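Visitor: task: produce atomic coordinates for the following.
(one chain, ligands or ions: 1)
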Amino acid sequence: MNLRQKIENLELRQANLAKGGGEGAIDRQHSSGKLTARERIDKLLDAGSFHEYDMFIQHDAREFGMSGKSLPADGVITGTGNIDGKPVAVFAQDFTVMGGSLGLMHARKITKILDYAINMRIPVIGINDSGGARIQEGVNALAGYGEIFYRNTAASGVAPQISVILGPCAGGAVYSPALTDFVFVVENISKMFITGPEVIKTVLGEEISQEDLGGARVHAEITGNAHVYSKNEDECFEKIRELIRLLPANNSEKATSVECSDPLCNKINEIIPDDASEPYDVRDVIGSITDHSCFYEIQELWASNIVVGFGRMNGETVGFVANQPLTLAGVLDCDASDKAARFIRFCDAFNIPIITLEDLPGYLPGIDQEHAGIIRHGAKMLYAYSEATVPKITVILRKAYGGGYIAMNSRHLKADFVFALPLAEIAVMGPEGAANIIFRKEIAEAENPAETRKQKVAEYREKFANPFVAAGKGYIDAVIAPAQIREYLLHALRVAKNKTTVTPQRKHGIPPF
Ligand code: HXC
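Guide: Numbering: from 1, shown residues only. You can find the predicted model right below:
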């Protein structure tokens, strides 16, 4: 064969492999509302930027008793490409080839991509659509998963890892995403479980649909396993591209700043009600602080009493952690603590400054929370904020009571800057509860207990529930007007740009996980 014929032969081989599991399987994929692995990669990456590797990988069909079965590309498409010109590593499991199940060579292709992400220090995006360990390959499939988990852990905190769940994902196909930083799910398409409904019925006699067991809503709203929820695949890929634009490529990169001439946040006066018991949406406050109201929310549907996500301040990506007065008055509970702690650790690992907006009555009391382990979960926030060495800035918008005051990046956990609005109330507990305890005798013995109680609450509020006691001790750096927030934050970010922190040498800490 001459060169031209060899090239034709190559193109023919490539075209055959690109058909994956064949037309019938592709039609089934499309009719269940899903794109194929290659179509997904095309949607995700900049046009024409995908470079595929290991297309010709073959498994040994005879060794695994599958002679006669051809598994194009061994059921996973791998390579590198660009998102807005930024290089990323990518793999997409091909459900049309044996249900995207994972055998040894399939796993080797994925571990090679994860090694690229670690060594080249670029983000990695894994598109999961897989029945889990390929049953016929036995321990080799399990070995493959183990090697993937090892690399997910090695890549953690080195380069951002994104998992996309686009099909029924079982077993190892969900444990690898759980080790990554962000899990994206799509309505009606994503399913995640360690064992599917059939196994559950056999072992436990329980009956449940795939959707009710581990559908997109279940993981976005109830379990917190998913971080970003989309209505369809197109929306999902656009959201991944948006996130990649916000994140640094690795743990030694930092987003560059550009001046942004957005007007100062003079709307905050209108957003936050004077009455500390009235709710408002803290996302409106974030939107009036960031460049062009940019805010990318993470885990929007889960533990909504705390809001976390990325925004831009003069072009620089910052992480926001904010109590949400719209839900449970913004209290901290087990899920909110888990959500915030993980986000704080991500920001810290990737040099992203953290801005904390505080307005909460404290940690949520109650038997349910105590028995769910609020001590252990709540401690994660204390740990995450204390451990973080990126610039940490807090604005106390309104209430800052008890353990909540300490946990929300207080000066005592080494916040770099703490600002408070004049509305701020900083104390061990709210005026109502405090007056009942410290003036109990006087209220009980008064001629008109209700009137005395009212007076004592007002007295307490005047004396303790304001920002000036904390400002008098230097626990907050400045009491500022709402319209000054953005300017104070931008200045603090500039001042803290080259922050360095010396911590005692250790192998690693032991967070309360
Ligand atoms: C081999 C598999 C497979 C698997 C699916 N297929 N899963 N082949 N090993 N694990 C094949 C099917 O035989 C079928 O082949 C094709 O993929 C499509 O699968 P269907 O069942 O027809 O599709 P669907 O009805 O959509 O159901 C998808 C599914 C179901 C829910 C994923 O296939 C399923 O329950 N699979 C098994 C899930 C599981 O228990 N996996 C092992 C987990 S243990 P044909 O030839 O008919 O097209 C694990 C260990 C690691 O992963 C744990 C680490 C901690």
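Visitor: just checking, what packs against the lengthiest strand in the chain?
Guide: Counting residues, the longest strand found in the chain (DSSP state E) is strand 392-401. Judged by 3 or more C-beta pairs under 8 Å, 6 or more residues apart in numbering; DSSP states H and E, the packing partners of strand 392-401 are strand 354-360, strand 417-420, strand 425-427, helix 485-495. C-beta: built from backbone N, CA, C; applies to glycine.
Visitor: tabulate the ones you listed (a markdown table), appending distance to residue 220, mean pLDDT and mean neighbour count.
Guide: As requested, the helices and strands packed on strand 392-401 are exported to a markdown table (distance: least, C-beta to C-beta, whole Å; pLDDT from 0 to 100; neighbours: other C-beta atoms under 10 Å):
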| stretch | distance to residue 220 | mean pLDDT | mean neighbour count |
| --- | --- | --- | --- |
| strand 354-360 | 23 | 98 | 26 |
| strand 417-420 | 33 | 98 | 25 |
| strand 425-427 | 34 | 94 | 22 |
| helix 485-495 | 30 | 96 | 18 |
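Visitor: and the ones you listed: which comes nearest the ligand?
Guide: strand 354-360 (32.7 Å; C-beta to the nearest ligand atom).
Visitor: quick check: buried residues in the longest strand of the chain?
Guide: Residues of strand 392-401 classed as buried by neighbour count (16 or more other C-beta atoms under 10 Å): 392, 393, 394, 395, 396, 397, 398, 399, 400, 401.
Visitor: just put the residues you listed in JSON lines and tack on pLDDT and distance to the ligand.
Guide: Shown next, in JSON lines, are those (pLDDT from 0 to 100; distance: C-beta to the nearest ligand atom, whole Å):
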{"residue": "392", "pLDDT": "98", "distance to the ligand": "36"}
{"residue": "393", "pLDDT": "98", "distance to the ligand": "40"}
{"residue": "394", "pLDDT": "98", "distance to the ligand": "40"}
{"residue": "395", "pLDDT": "98", "distance to the ligand": "42"}
{"residue": "396", "pLDDT": "98", "distance to the ligand": "44"}
{"residue": "397", "pLDDT": "97", "distance to the ligand": "43"}
{"residue": "398", "pLDDT": "96", "distance to the ligand": "45"}
{"residue": "399", "pLDDT": "96", "distance to the ligand": "43"}
{"residue": "400", "pLDDT": "97", "distance to the ligand": "42"}
{"residue": "401", "pLDDT": "96", "distance to the ligand": "42"}
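Visitor: name the nearest of these relative to residue 476.
Guide: Nearest to residue 476 among these: residue 396, at 6.9 Å, using C-beta to C-beta.
Visitor: relative to residue 43, how far out is whatever residue of the stretch 151-300 of the chain ends up closest to the ligand?
Guide: Using C-beta to the nearest ligand atom, the closest approach of the stretch 151-300 of the chain to the ligand is made by residue 171 at 2.1 Å. Separation of residue 171 from residue 43 (C-beta to C-beta, to the nearest Å): 26 Å.
Visitor: residue 132 is nearest to which of the helices and strands packed on strand 392-401?
Guide: When the helices and strands packed on strand 392-401 are compared (using C-beta to C-beta), the closest one is strand 354-360, at 36.4 Å.
Visitor: the helix or strand following the closest one - what's its average pLDDT?
Guide: Scanning forward in sequence from strand 354-360 by DSSP states H and E, the next helix or strand is helix 367-371. In this model, helix 367-371 carries a mean pLDDT of 96.
Visitor: higher neighbour count, residue 171 and residue 43?
Guide: More crowded of residue 171 and residue 43, by other C-beta atoms under 10 Å: residue 171, with 21 against 15.
Visitor: ramachandran coordinates for the more buried one?
Guide: phi 60, psi -130 (degrees, to the nearest 10).
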